[in-house]
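Participant: please work out how this folds:
(one chain, ligands or ions: 1)
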Amino acid sequence: MRLSKIFTIVTFVLFILACLPLAWIINGEWGAYHAADQGLGSIQIAHLAMVAVEKISTERGPANALIGAPAGGGGREKLRVARLASDRALQDLVTALSPSRSAYHRQALAAIRIARQRLSEARHDMDRIIASPAPTATEIMASIRRMFDVVPVVLEAVNALSFQASSVYPQLSNPLSGARLATELREYAGRLGSTLVPALTEKRPLTETEAREVFILRGRIEQLRGTIRLRLSVPTTQSVQRQALSNMESRYFRNGLARVDDILLASRLRQPYAATPAAFTAAYIPTLHSIVELRDSMLSTAADEAAIQQRAAFRHLLAATALGVIALIAQLALFAYIRWLIAKPLLAASKLLSDIADGRLDAELPATLRKDEIGDVLRAIAILRRNSQEKRVLEQERQRLIDELTEVSRIDFLTGIANRRAFTQTADAEIARASRAGESATLILFDIDHFKQVNDQHGHDSGDAVLVHVAAIIERICREDDLAGRYGGEEFVVLASHGNASSGETLAERLRAGIAESPCSLPSGQQLAVTASFGVATLGEASATLESLLQAADRALYAAKRQGRNRVVAA
Ligand SMILES: Nc1nc2c(ncn2[C@@H]2O[C@H](COP(=O)(O)OP(=O)(O)OP(=O)(O)O)[C@@H](O)[C@H]2O)c(=O)[nH]1
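Facilitator: Here you go, the predicted model:
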């Protein structure tokens, strides 16, 4: 597998391995943020449920005030407004719970459906009692109890939502349960007032049942008061809650319950009541606000704390995501850097080595100042390439010299035509080929006449000039495919291929005439007449080799010399 591919696979695998724990961490942070968000939502919805409980409790005040009261006055309008407020609070709660996102929400929604049904029936019954001119105490109490029965159902929703919020924020269980207890306290405080209404309406002492009910309610209220105080006795309780608690103590537990105690005392002493139901309600109900304020203060503390934690969870999520992304980018950048630092130069080095091995020595070498192993490799490749280039130059020079030597060894240094060795090699092969092919070939051997005299009379240089002069005539007259050479001294030889005896003799005659008719210019400037004698031998049965042709031609040449020179004699 190629190095680049291995590097890509390793990068991919390491990237995935880094992604997995990051995804796990981010998923955890997302879960924490999501739970915090839901917990905060639950606190807000729990608040709506508590408000609904409060509104339903409050609705009993104007209803009770209307029982036995003369028709007219603003009582009806107050009841209408109170009922509208209850309906709106329940609707707000239903809207906030839809669509339900958890089992707690579904449980709360189911409870509210039942509560609405019960509330509708209780209102119907209450309207009947209000319309009745003289309802009995039992009828009034039954009607009031039906209103009471609505509240525990809504409290179920409050409990479900508070539990959900507490499960996310265990540290907020104190303010959350404190708010829930305050909601219950508000309910029982309301019930206490409602329980007194029949006796006030009928201007009679409390019945034994009513007195027991009041006793139980007072006990329940004290119990709730104690539990709330316990919840708020922890050091983390904020001053605003302590203030709300003290406000509730003075307004409800001192002023509000003082009204109740007045009525209970008058009832026990069988004395007439100092307040009508409406006056009692008007004095008693406002004191319940202090309980609601305490509830809201605890809820607002819990909501603030939850919002802080939700924001912290969001910041953690953001930080984890940002760190994760930065880590991945850093990892990719590191891989890219390593690729650039190691893999890329190694690949380039491998390509350069392949090029050098294939003889491509002109590829550009990256200039490197690197001091590491990669730098060493690149420098070694540069040296290797330089050595290869030098070796190539040397090889070329060597070949050139070989070619030159070969050429020199085949050419006569004086005349520039083939020497005896070159002529012999080529002529041997040509005669063998012509012999095989059944073609004709003529060998012309000739010798300059009285050459010794030229040397003797005009000097050796003039002799050389005559030799060069004759060679030039040979080159001028012979065809390209004729083989001509200096056979030795002042002796020349020509092998005329593809010819016959007569054409060979003709060529010899043309050579003879050419030499005889062209005087040679000696270095001294003197013109010297030169002649030569020719022996011609033609390829035949008896002369199938160069050697035999040469012997035959030499004999003919000798004959030509004897016959007076400057002539052609055929063997
Ligand atoms: N200048 C010069 N002279 C050469 C060369 N080679 C051979 N000779 C001379 O050629 C002469 C040959 O002379 P001979 O063999 O006596 O023949 P000749 O004088 O030509 O007489 P014939 O051939 O009988 O006409 C000798 O004096 C050689 O020294 C050469 O390369 N240059």
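
Participant: would you agree S462 is in contact with V454?
Facilitator: Yes - contact criterion C-beta atoms under 8 Å: S462 and V454 qualify, at 5.9 Å. C-beta: built from backbone N, CA, C; applies to glycine.

Participant: shared neighbours, those two?
Facilitator: Common contacts of S462 and V454 (C-beta atoms under 8 Å, 6 or more residues apart in numbering): L528.

Participant: do you know how far whichever residue of the stretch 201-350 of the chain sits closest to the ligand is from E156?
Facilitator: Closest approach between the stretch 201-350 of the chain and the ligand, counting by C-beta to the nearest ligand atom: A349, at 61.4 Å. Distance, A349 to E156, using C-beta to C-beta, to the nearest Å: 78 Å.

Participant: quick one: average pLDDT of stretch 415-426?
Facilitator: Averaged across stretch 415-426, the pLDDT comes to 93.

Participant: which residue, other than its chain neighbours, is closest to the residue of the chain found nearest the ligand?
Facilitator: Of all residues in the chain, G463 sits closest to the ligand, at 2.4 Å by C-beta to the nearest ligand atom. Closest residue to G463 apart from its sequence neighbours, by C-beta to C-beta, 6 or more residues apart in numbering: N455 at 4.2 Å.

Participant: near the ligand at all, the helix or strand where the one you found lies?
Facilitator: Using DSSP states H and E, N455 sits within helix 451-458. Yes - Helix 451-458 is in contact with the ligand by C-beta under 6 Å from any ligand atom, via 451-452, 455.

Participant: how about residues contacting that helix?
Facilitator: 448, 462-463, 466, 489-490, 522, 524, 526, 528, 530.

Participant: inside helices: which ones of those?
Facilitator: Secondary structure from DSSP state H places 462-463, 466 of those in helices.

Participant: dump these into TSV; add pLDDT, distance to I221 and neighbour count as well.
Facilitator: TSV is the format used below for the ones in helices among the contacts of helix 451-458 (pLDDT from 0 to 100; distance: C-beta to C-beta, whole Å; neighbours: other C-beta atoms under 10 Å):
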residue	pLDDT	distance to I221	neighbour count
S462	94	157	19
G463	95	156	21
V466	97	156	22
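
Participant: quick one: secondary structure of Q271?
Facilitator: Three-state call for Q271 (DSSP: H, G, I helix; E, B strand; the rest coil): coil.

Participant: select the longest helix from the chain.
Facilitator: helix 3-66.

Participant: list the helices and strands that one packs on?
Facilitator: When contacts are defined as 3 or more C-beta pairs under 8 Å, 6 or more residues apart in numbering; DSSP states H and E, helix 3-66 packs onto helix 75-97, helix 103-131, helix 137-168, helix 173-202, helix 277-284, helix 289-338, helix 344-357.

Participant: after the fourth one, next one along is what?
Facilitator: For helix 173-202, the succeeding helix or strand toward the C-terminus, using DSSP H and E, is helix 208-231.

Participant: cool, and the last one?
Facilitator: For helix 344-357, the succeeding helix or strand toward the C-terminus, using DSSP H and E, is helix 373-410.

Participant: now do the longest helix of the chain, average pLDDT.
Facilitator: 86.

Participant: then stretch 297-305?
Facilitator: On average, the pLDDT along stretch 297-305 is 87.

Participant: got the CA positions of the helix-or-strand element of the chain with minimal mean pLDDT in PDB?
Facilitator: One helix or strand of the chain scores below all others by mean pLDDT, DSSP states H and E: helix 344-357, with a mean of 83. Taking C-alpha atoms only, helix 344-357 is exported to PDB below (Å, rounded to 0.1, in the frame of the first residue of the first chain):
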ATOM      1  CA  LYS A 344       5.200  15.000   1.500                       C
ATOM      2  CA  PRO A 345       9.000  15.300   1.400                       C
ATOM      3  CA  LEU A 346       9.300  11.500   1.700                       C
ATOM      4  CA  LEU A 347       6.900  11.100  -1.200                       C
ATOM      5  CA  ALA A 348       8.800  13.800  -3.200                       C
ATOM      6  CA  ALA A 349      12.100  12.000  -2.300                       C
ATOM      7  CA  SER A 350      10.700   8.700  -3.500                       C
ATOM      8  CA  LYS A 351       9.600  10.300  -6.800                       C
ATOM      9  CA  LEU A 352      13.000  11.900  -7.200                       C
ATOM     10  CA  LEU A 353      14.700   8.500  -6.600                       C
ATOM     11  CA  SER A 354      12.400   6.800  -9.100                       C
ATOM     12  CA  ASP A 355      13.300   9.600 -11.600                       C
ATOM     13  CA  ILE A 356      17.000   9.200 -11.000                       C
ATOM     14  CA  ALA A 357      16.700   5.400 -11.400                       C
END
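
Participant: which residues sit against it?
Facilitator: 3-4, 361, 363, 365-366, 368, 374, 377-378, 381, 384-385, 388.

Participant: one more: stretch 320-327?
Facilitator: Residues from elsewhere that reach stretch 320-327 (C-beta under 8 Å, 6+ apart): 18, 22, 25-26, 29.
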